[in-house]
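Student: any chance you could fold what I've pasted below:
(one chain, ligands or ions: 2)
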Amino acid sequence: MEIQVDEPMAFSPRRDRLQVDGSLKSYEQNFKLSGVKKDIEKLYEAVPQLRNVFRIKDKIGEGTFSSVYLATAQLQVGPEEKIALKHLIPTSHPIRIAAELQCLTVAGGQDNVMGVKYCFRKNDHVVIAMPYLEHESFLDILNSLSFQEVREYMFNLFKALKRIHQFGIVHRDVKPSNFLYNRRLKKYALVDFGLAQGTHDTKIELLRFVQSEAQQESRSENKVHVISGNKMSLSGSAVPRELEQQPTTKTSVKRPYTHAQIQIKQGKDGKLMKQSKAVDVIYRKLATKKKAVSAKVMNSGVMKKTTSSCPVSLTCDCYATDKVCSICLSRRQQVAPRAGTPGFRAPEVLTKCPNQTTAIDMWSAGVIFISLLSGRYPFYKASDDLTALAQIMTIRGSRETIQAAKTFGKSILCSKEVPAQDLRKLCEKLRGIDANTPKLTSDIQGPASHDPTFSEKTDHKAARLLQTSHAQHSGHLYKGNRNGCWGLDAHTTNLEGWDMVPDEAYDLLDRLLDLNPASRITAEEALLHPFFKNMNL
Ligand code: ADP
Ligand code: MG
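Tutor: Ligands and ions are numbered 1, 2, ... in the order given. Okay, here's the model as predicted:
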């Protein structure tokens, strides 16, 4: 198969260099390696005390908010231990960092929730040291998991969610890359509390800082505990002194602060004071995009608009049309937490419902489950909230979605009625159990297909194929894309158990993807669901 790489010129390999190395692949590997080496060196320079304890071997994760490294260390007598070092971006908000640490220290370390060993800080660089769990890439194993493995995976995910929900932690970013899975050892770990929020009665003290603007005026009874020195063995509420003392210089929060940006200033009496600007930067960006989004959606045949819960009589002329008038554009937008990954966001998040609960994590678990049952990942792929909502409607039904939204005070308009789909039929069709479903040809499958350097041309070819295969569906949810969203390859699929998926599986899926957060199944209930009969807690 021919691989075409469309890259910006600045990153394109020089042809002569390519010839010397023999292949683009080896050039890229070398290039990556030297980049990683440089990053490791930079990390040692930024936090020199790491050198005394760890030998950093590789970079294993790089996201918007952190880089994660694999290191080894001789921490106790005995063999070397493998450690994951999470280096948070220096612009992370101090309270956000402290809250992430507190989630790990208070709720972590058991029931499949990642724990923490140490935390290091030098100036504005913070590194969290955690036990390393070698894990699979979800996309790589999706095709080969047996049905029993899927059962175990979901059971262990609910175990982790039950644990954090008991502590009043809403994770907000439940997705496969944040739930590490070691298939061989049958080990699991929920990671990444970087977007976590507290419930109203959260036991994680610092999460109260990252809560709603309603609390913005309250003085900091959530005292930030200070541990001085650069190496910290963490207790429940450790935060670096420097982070506490220099907050005014760090008001730019790159990691979204979900409800509101919080500025921390020194009060007159020298104590910490909290100020909230009630500004949801992310939301504002969305508001300015609103017109384009509406137009885009309308072009694809579905017209919809989400409004706040104001009565119809108070709306303007553009109500129920495909336009957004200047009155509407100038309305004060409702501020609600939106953090997370679009394809995993619950309807109440997508419609900016201000009262969000742990139920949003259960929806995300449902999206993982539908991926596992259908063999498609990512299942929903949307770049904006309204498209994500439209995609949910095509699976769960437009009338049902509108009905559920009413229960949390949102009204959704949809020009076209789409029926709810039978989850079993849908998953079986996508999985290829239905004999009428054409299989994908091998030239668009395999690990390379989700290489982000793949050309648009290749993607389009895949997309066309998938759209033809599923012409009876809306086509948007299942097509190939840059990150790969491929169906099952009959050669690699472990058919064990897949021919007899019990009704309980689809009942549980239905209860996870309950459009109404108030009736959605909880993690505790899910563990007791008949789908997990004979599984030990
Ligand atoms: P981010 O906030 O940047 O998403 P995460 O905490 O999710 O950071 O970590 C990013 C990636 O690093 C994870 O998807 C996982 O692959 C890897 N990772 C994180 N923690 C560990 C760990 N304790 N053991 C092994 N790998 C880890
Ligand atoms: Mg993550």
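Student: give me the residue from the chain nearest ligand 2.
Tutor: residue 192 (3.7 Å; C-beta to the ion). No exception for glycine: its C-beta is placed from N, CA and C like everyone else's.
Student: list the contacts of that residue.
Tutor: Taking C-beta atoms under 8 Å, 6 or more residues apart in numbering, we find residue 192 in contact with 171, 173, 178.
Student: that one: what secondary structure?
Tutor: coil (DSSP: H, G, I helix; E, B strand; the rest coil).
Student: correct me if wrong: residue 125 contacts residue 90.
Tutor: Yes - between residue 125 and residue 90 a contact is recorded at 5.7 Å, counting by C-beta atoms under 8 Å.
Student: who has more neighbours out of those two?
Tutor: residue 125 (18 against 12; other C-beta atoms under 10 Å).
Student: just give the closest residue to the more buried one, not the sequence neighbours.
Tutor: The shortest distance from residue 125 to any non-neighbouring residue, by C-beta to C-beta, 6 or more residues apart in numbering, is to residue 46 (4.4 Å).
Student: quick one: the strands in the stretch 301-450 of the chain?
Tutor: 304-307, 411-414 (DSSP state E, counting those that start in this stretch).
Student: lowest-confidence stretch among the ones you listed?
Tutor: With a mean of 40, strand 304-307 has the lowest mean pLDDT of the strands of the stretch 301-450 of the chain.
Student: circling back to that earlier point, neighbours around the residue nearest to residue 125, how many?
Tutor: 17.
Student: quick one: pLDDT of it?
Tutor: Looking at residue 46, its pLDDT stands at 97.
Student: confirm residue 38 sits in a helix?
Tutor: Yes - judged by three-state DSSP, residue 38 forms part of a helix.
Student: I'd say residue 155 and residue 535 touch.
Tutor: Yes - using C-beta under 8 Å, residue 155 makes contact with residue 535 at a distance of 5.3 Å.
Student: low-confidence stretches in the protein?
Tutor: 1-22, 211-315, 320-322, 434-494 (pLDDT under 70).
Student: contact distance from ligand 2 - what residues of this structure qualify?
Tutor: Within the chain, the positions adjacent to ligand 2 are 178, 192 by C-beta under 5 Å from the ion.
Student: and if we set it to 8 Å?
Tutor: Counting by C-beta under 8 Å from the ion, the chain comes close to ligand 2 at 61, 63, 65, 66, 173, 175, 177, 178, 191, 192, 194.
Student: of those, buried ones?
Tutor: 65, 66, 173, 175, 178, 191, 192, 194 (16 or more other C-beta atoms under 10 Å).
Student: got a list of what the last one touches?
Tutor: Just to be clear, that refers to residue 194. Residue 194 neighbours (C-beta under 8 Å, 6+ apart): 65, 66, 88, 92, 96, 100, 173, 255.
Student: tell me which of those residues is nearest to residue 433?
Tutor: For those, the minimum distance to residue 433 (C-beta to C-beta) is 31.2 Å, reached by residue 173.
Student: quick one: residues contacting that closest one.
Tutor: 192, 194, 195, 339, 340, 341, 344, 364.
Student: tabulate those (TSV), appending distance to residue 507.
Tutor: Below are those laid out as TSV (distance: C-beta to C-beta, whole Å):
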residue	distance to residue 507
192	29
194	33
195	30
339	30
340	26
341	26
344	21
364	19
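Student: now intersect those residues with the helices, please.
Tutor: residue 364 (DSSP state H).
Student: which of the contacts of residue 173 count as buried?
Tutor: Applying 16+ other C-beta under 10 Å to the contacts of residue 173 flags 192, 194, 195, 339, 340, 341, 344, 364 as buried.
Student: what would the residues you listed look like in TSV with distance to ligand 1?
Tutor: What follows is these, written out as TSV (distance: C-beta to the nearest ligand atom, whole Å):
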residue	distance to ligand 1
192	3
194	4
195	8
339	11
340	12
341	10
344	13
364	14
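Student: what residues does the stretch 151-300 of the chain have near ligand 1?
Tutor: Applying C-beta under 6 Å from any ligand atom, one finds that the stretch 151-300 of the chain approaches ligand 1 through 177, 178, 180, 191, 192, 194.
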